[in-house]
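> got a predicted structure here, sequence first:
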Amino acid sequence: MIHGKNNIGFSLSAKGDVSFQTFSPITLEQLPEKFVQATTDELEEAVQKAVSAYSVYKKKSGKERAAFLRAIADEIEAIGSELIERACAESGLPEGRITGERGRTTNQLRMFAKVLEDGDWVEASIDPAMPDRKPLPRTDIRKMLQPVGPVVVFTASNFPLAFSTAGGDTASALAAGNPVIVKSHPYHPGTNELVSGAIIKAAQKTGMPDGVFSSLNAADFTIGQALVLHPKVKSVAFTGSFNGGKSLYDLAQTRKEPIPVFAEMGSVNPVLLLPGKIKENTAGLAATIASSINLGAGQFCTNPGVLVALKGEETEAFKSELTANVAKLMPEKMLHQNIISNYEQKTKSFFENGLVSKLAESENEPVQLTGKPVVAIVKGSDFVQHPDLAEEIFGPFSLLIECDGKAELEAVMAAFDGQLTASVYCTAADVEAYSSAIEIVQEVVGRLIFNGVPTGVEVGYSMQHGGPFPASTDGRFTSVGVDAIKRFVRPVAFQDAPDAYLPDELKDANPLGIWRRVDGKLTKDVINR
Ligand code: NAP
């Protein structure tokens, strides 16, 4: 039963008089439940509870926090079909996709639990004292990562579970030892409520403090902006559009104490199609690219929004195959009326500049909130003059840039802004012939993919999901995988601290048995002083 209230720590609260309903892309009607927008008093209460919780939560051991994260995963699974049905109803995404996303969400939580149990993630480093060093003795310096304080999480519409309430941002911020306040997404507030309930249950079962997690509803920007401006909030994670991420980033810089906003934003993920590879399997490649463009109605930050190829007979054959494949694509359901209106308006106005033309489109007429797949084409020389043509159009859209020769190809690759990914379809001979174009694009991406589509992001130790601006506000970090935790920590060094004061991770006896860098060498040895 959906209650529509806010989670202020362990308490449910609905003091406001503004409420909203959410829309179902399946019934094309508002869902009946009303969600009460948080008031500024409730926001204040959530932040104060997070501040109090921080002093307790940061001292919980890695094993205790791991138990909390595992309990969240268990509680999410325990909701069962109600969660799947609600997420499907609010997003219009098919059951298989939502079930997969739930698995990704719980796996992610358990992955961070394992990282905490291993304990090495704190990057403990010890330079023991050298009292006899000449000409000056060396003091004892020990350093490790510690949490920063309350983190605010903004969630994306297109991943109601995996980039939402208990998604990678929340999981990594909690793992690092920070309380989290989620600004729920108005496109899936019921899903948020169910998952928030699971997090609260898990916190209570594992003895976590009241305030370690809160979730606030809002139908407009006021609550989100007030959270970013609140002096006790120490960091912000955002997944969504460029406009949203950049405006929250700018807002955070107006504070007396500016704070980081780790915004993962849109991307067009250029796919470079080199001639040898096209020739090898033209039809197969065209089919792969067409289906990646339409996957999830193109509503992925890793959608292949730009294709790049060299003029020539291989590309001509590829264009014909791509056109035939795109013509057959079935328009898929999009998330919301606003998203489809935006998509329709942008795919229409895109052709008004006279530089681009339509290469391919689905022959199946879109019905009921579905987005028609479209591929446009532009000359490389025109693109170099107008690189803004590569702005993200959120939906099943892609732009093929056709380049006249290697020099133009390199100029096109150099014209891209920061991207989450770039893909290179190539043979060994292609890599040799076009290595400079590949190296140019490597400079602006977080992940370089060989012979694979950008859609599909593995969660693990080596993933980088974040690229130079404007793909992310800080390309040094990732929002997916183990290293996502590094966004919500800061290093602290202890100089000549008594052993009893030091955190376990830095104590002489290494009671946690973790890997530490002692005088630059990784070891689990104890320190004798
Ligand atoms: P969105 O419209 O930017 O919304 C994200 C959240 O931020 C919502 O809760 C929204 O509130 C809030 N928000 C947006 N602008 C704001 C502002 N100026 N002040 C305060 N709050 C603001 O994005 P979306 O539609 O949810 O997600 C789709 C976009 O996300 C696409 O561009 C996609 O490429 C990108 N995306 C990126 C990644 C990645 O990892 N890089 C992953 C998934 C999606 P309201 O809903 O109340 O407007």
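Perfect, I can see it now. Residues are numbered from 1 along each chain as shown.
> all contacts plus neighbour counts: C-alpha atoms, from now on.
Will do.
> mind listing the helices for the stretch 301-450 of the chain?
Using DSSP state H, counting those that start in this stretch, the helices of the stretch 301-450 of the chain run over residues 313-328, 337-349, 380-385, 406-414, 428-433, 435-442.
> out of the ones you listed, which is closest to the ligand?
Of all the helices of the stretch 301-450 of the chain, it is helix 337-349 that lies closest to the ligand, at 7.3 Å by C-alpha to the nearest ligand atom.
> in JSON lines: the helices of the stretch 301-450 of the chain, plus mean neighbour count, distance to the ligand and mean pLDDT.
Listed next are the helices of the stretch 301-450 of the chain as JSON lines, based on neighbours: other C-alpha atoms under 10 Å; distance: least, C-alpha to the nearest ligand atom, whole Å; pLDDT from 0 to 100:
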{"stretch": "helix 313-328", "mean neighbour count": "19", "distance to the ligand": "21", "mean pLDDT": "98"}
{"stretch": "helix 337-349", "mean neighbour count": "15", "distance to the ligand": "7", "mean pLDDT": "95"}
{"stretch": "helix 380-385", "mean neighbour count": "18", "distance to the ligand": "21", "mean pLDDT": "98"}
{"stretch": "helix 406-414", "mean neighbour count": "20", "distance to the ligand": "20", "mean pLDDT": "98"}
{"stretch": "helix 428-433", "mean neighbour count": "13", "distance to the ligand": "28", "mean pLDDT": "98"}
{"stretch": "helix 435-442", "mean neighbour count": "18", "distance to the ligand": "18", "mean pLDDT": "98"}
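> and those helices: which comes nearest residue 211?
helix 337-349 (33.8 Å; C-alpha to C-alpha).
> show me what from the stretch 51-200 of the chain comes close to the ligand.
154-158, 185-186 (C-alpha under 6 Å from any ligand atom).
> if you set the cut-off to 5 Å instead, what comes out?
156-157, 185 (C-alpha under 5 Å from any ligand atom).
> tell me the one of these nearest residue 334?
Taking C-alpha to C-alpha as the measure, residue 334 lies nearest residue 157 of these, at 10.7 Å.
> ok so the closest one is a strand residue?
No. Counting by DSSP: H, G, I helix; E, B strand; the rest coil, residue 157 is not found in a strand; it is coil.
> tell me the phi and psi of residue 39?
Per-residue torsions, residue 39: phi -90, psi 170 (degrees, to the nearest 10).
> that one: neighbour count?
When neighbours are defined as other C-alpha atoms under 10 Å, residue 39 has 21 of them.
> am I right that it is in contact with residue 16?
Yes. Between residue 39 and residue 16 there is a contact at 5.4 Å, judged by C-alpha atoms under 8 Å.
> distance check, whichever residue of the stretch 351-500 of the chain sits closest to the ligand against residue 322.
Nearest to the ligand, among the residues of the stretch 351-500 of the chain, is residue 394, at 5.9 Å (C-alpha to the nearest ligand atom). Relative to residue 322, residue 394 is positioned 20 Å away (criterion: C-alpha to C-alpha, to the nearest Å).
> quick check: the closest residue in space to residue 336 that isn't next to it in sequence vs residue 291, distance?
Using C-alpha to C-alpha, 6 or more residues apart in numbering and skipping the chain neighbours, the partner closest in space to residue 336 is residue 25 (6.1 Å). As for residue 25, its distance to residue 291 is 22 Å (criterion: C-alpha to C-alpha).
> now swap in residue 81 and tell me
From residue 81 across to residue 291, the span is 29 Å (C-alpha to C-alpha).
> same thing with residue 417?
Counting by C-alpha to C-alpha, the gap from residue 417 to residue 291 is 25 Å.
> got it, and residue 9?
Relative to residue 291, and taking C-alpha to C-alpha, residue 9 is found at 43 Å.
> ditto for residue 491
Taking C-alpha to C-alpha as the measure, residue 491 falls 44 Å from residue 291.
> could you list the domains of the protein?
Domain ranges of the chain: 6-265+478-487, 271-450, per automatic domain parsing.
> count of residues packed around residue 282?
For residue 282, the neighbour count with other C-alpha under 10 Å is 21.
> wait, doesn't it sit right on residue 318?
Yes. Contact criterion C-alpha under 8 Å: residue 282 and residue 318 qualify, at 5.6 Å.
> export stretch 247-258 to PDB, keeping only CA atoms.
In PDB, the C-alpha atoms belonging to stretch 247-258 read as follows (Å, rounded to 0.1, in the frame of the first residue of the first chain):
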ATOM      1  CA  SER A 247      22.400  24.100 -12.800                       C
ATOM      2  CA  LEU A 248      22.800  22.200  -9.500                       C
ATOM      3  CA  TYR A 249      26.600  22.300  -9.900                       C
ATOM      4  CA  ASP A 250      26.500  26.100 -10.400                       C
ATOM      5  CA  LEU A 251      24.200  26.400  -7.400                       C
ATOM      6  CA  ALA A 252      26.500  24.500  -5.200                       C
ATOM      7  CA  GLN A 253      29.400  26.900  -6.100                       C
ATOM      8  CA  THR A 254      27.300  29.900  -4.800                       C
ATOM      9  CA  ARG A 255      27.300  28.500  -1.300                       C
ATOM     10  CA  LYS A 256      29.600  30.100   1.400                       C
ATOM     11  CA  GLU A 257      31.200  26.600   1.400                       C
ATOM     12  CA  PRO A 258      31.100  25.300  -2.200                       C
END
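> identify the residues contacting that stretch?
225, 228-229, 231, 259-263, 473 (C-alpha atoms under 8 Å, 6 or more residues apart in numbering).
> sitting in helices, which of these do you find?
By the criterion of DSSP state H, membership of the contacts of stretch 247-258 in helices covers 225, 228-229.
> looking at those, spot the one nearest the ligand.
For the ones in helices among the contacts of stretch 247-258, the nearest to the ligand is residue 225 (5.0 Å; C-alpha to the nearest ligand atom).
> what distance do you get for the closest one to residue 407?
46 Å.
> average pLDDT for the helix or strand containing residue 277?
For residue 277, the host element (DSSP states H and E) is helix 275-280. The pLDDT scores in helix 275-280 average 98.
> oh, and call the first residue 48 from now on, that's how I've got it
Noted, 48 is the first residue going forward, which turns the last one into helix 322-327.
> the inter-axis angle of the helix or strand just after it versus helix 360-375?
Per DSSP H and E, the first helix or strand lying C-terminal to helix 322-327 is helix 329-341. Note on geometry: by axes from the mean of the first three to the mean of the last three C-alpha atoms, to 10 degrees, helix 329-341 and helix 360-375 are set 50 degrees apart in direction.
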